[in-house]
Structure formats: structure tokens, C-alpha cells
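Enquirer: give me a model of this one.
(one chain, ligands or ions: 1)
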Amino acid sequence: MAILKIARMGHPVLRVRAEEIDDPMAPEVQRLVPHMLETMVDADGLGLAAPQIYVSKRLVIFSIPADRADEFGGEVVPMSVLINPVIEPLSDEMVTGWEGCLSVPGLRGQVARHTHVGYRGLSLKGKPIEREAKGWHARVVQHEFDHLDGILYPQRMDNLGELVFESEIKHLIEDPEERAAVERAD
Ligand code: NI
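Expert: Model prediction:
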């Protein structure tokens, strides 16, 4: 396996709608995912979308591992591979929280996301996956699925005054637990 280079904000691959995957079992799809997993873990991210490694296909991976769940509301999300995902809000309620992105290194921003969503797609074995998500789980999938439509989180921000360097975020958050979480979240 290999650690892949991550595309950064401004690269065209992050700005276009990614293509559907016709065959999840295709060798190029199967080969790609282990590299994506290794790259995401190496970068300490919670998710990674194929366009972030210069592959304009509708594929994302994400997880909230057990050893980090406390930072993100307590829910463990198993390592998930989702192909051609579709998402729908299940509530109009939005909540604002700090996000980061491996394609926007060094920055954090306040982004409003739906609190409750449903999503579905195909697993790496081509099997249907259908889930509901709340909290950080819902935030992560909304962030990752946006990558497939060429959208980065700053484009979702209501107030760019809340786009800050992660090294300065300590000035904005008083609660130490929340501060620890945002300093490590991607
Ligand atoms: Ni991202």
C-alpha cells in the first residue's frame, strides 16, 4: 500500500462533480480503497473522498474509530466504504460545528449541517448500505459527500470570519474537551 498525495483546495479535481462508478468490483476500484484507507489513517482524518486523491469518482471512506469516539459525541462509526452515495436530510434542524479537511490543511471553520440524515450507497462488495446518522456521523458524511459534488466546507460557511488557523482555534473555544476535539478533527 501507499500513502497517496492529497489534492488541495484550488485543484480542479476538487471543484467538479465526480463520476458514478459503474462497477464497484472493477479492479481499479478494488485496488484504490486500501491506499485510501492507509492515506486517511496516516493523515489522522475521519474521512476521505476519491477526488481528494485525484480520482474523480463517487467513492468515499469514513470512520469514527473507538479510540476517538469520545471526542466526537461517543458514537463509533465503523470503517465504511461507500460507492455512489446518496444523502437526504431527515430533519430541517441544523447545527453549527467546527470542521477541517485534509484538502484545506491547517484551517478550521464553522459549518452548519443537518443534524439527522439518511444515506445509502454500495459497499466495496457491491452490496447496498442504508443508514441513518446523527451528530458527528451525520456531519462527516455530509462533508465527505460534498466532495463528490465539488464542494469544500468553506463554501458551506455562513460566516468566513469563522475560518481560522487550527493553531489559533484555542482563542475561540473555552471548553477544553471541545477544544481537543476540534484540534484533531478532520
Ligand atoms: Ni474534506
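Enquirer: got the CA positions of the longest helix along the chain in CSV?
Expert: Counting residues, the longest helix found in the chain (DSSP state H) is helix 27-42. The C-alpha trace of helix 27-42 is given here as CSV (Å, rounded to 0.1, in the frame of the first residue of the first chain):
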residue,chain,number,x,y,z
PRO,A,27,-10.1,-3.9,-10.3
GLU,A,28,-9.2,-0.2,-10.3
VAL,A,29,-11.9,0.5,-7.6
GLN,A,30,-10.8,-2.5,-5.5
ARG,A,31,-7.2,-1.5,-5.7
LEU,A,32,-7.8,2.1,-4.8
VAL,A,33,-9.5,1.6,-1.5
PRO,A,34,-6.7,0.1,0.5
HIS,A,35,-4.5,3.0,-0.5
MET,A,36,-7.2,5.5,0.5
LEU,A,37,-7.6,3.8,3.9
GLU,A,38,-3.9,4.0,4.6
THR,A,39,-3.7,7.6,3.5
MET,A,40,-6.7,8.6,5.7
VAL,A,41,-5.3,6.9,8.8
ASP,A,42,-1.8,8.3,8.1
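Enquirer: the helix or strand that that helix is followed by: which residues count as buried?
Expert: Scanning the chain past helix 27-42 towards its C-terminal end, the next helix or strand to appear is strand 47-49 (assignment: DSSP states H and E). Neighbour counts using 16 or more other CB atoms under 10 Å place 47, 48, 49 of strand 47-49 among the buried residues. No exception for glycine: its C-beta is placed from N, CA and C like everyone else's.
Enquirer: what distance do you get for the first one to residue 65?
Expert: Here the distance between residue 47 and residue 65 works out to 12 Å (CB to CB, to the nearest Å).
Enquirer: related to what we said a few turns ago, in the longest helix of the chain, what's buried?
Expert: In terms of neighbour count (16+ other CB under 10 Å), helix 27-42 has its buried residues at 29, 32, 33, 36, 37, 39, 40.
Enquirer: assign the nearest residue to residue 43 once chain neighbours are set aside to helix, strand or coil.
Expert: The shortest distance from residue 43 to any non-neighbouring residue, by CB to CB, 6 or more residues apart in numbering, is to residue 102 (5.2 Å). For residue 102, the reduced secondary structure class is coil; criterion used: DSSP: H, G, I helix; E, B strand; the rest coil.
Enquirer: now for residue 102: which residues touch it?
Expert: Applying CB atoms under 8 Å, 6 or more residues apart in numbering, we find residue 102 in contact with 6, 40, 43, 45, 48, 52, 186.
Enquirer: ok, back up a step: possible to save the buried residues of helix 27-42 as CSV with pLDDT and distance to residue 90?
Expert: Supplementary listing: the buried residues of helix 27-42 in CSV, determined by pLDDT from 0 to 100; distance: CB to CB, whole Å:
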residue, pLDDT, distance to residue 90
29, 96, 29
32, 96, 30
33, 96, 28
36, 96, 28
37, 95, 28
39, 96, 31
40, 95, 26
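Enquirer: so how far is the strand ranked longest in the chain off the chain centroid?
Expert: Looking across the chain with DSSP state E, the single longest strand is strand 77-89. In terms of CA atoms, centre = their mean, to the nearest Å, the centre of strand 77-89 is found 10 Å from the chain centre.
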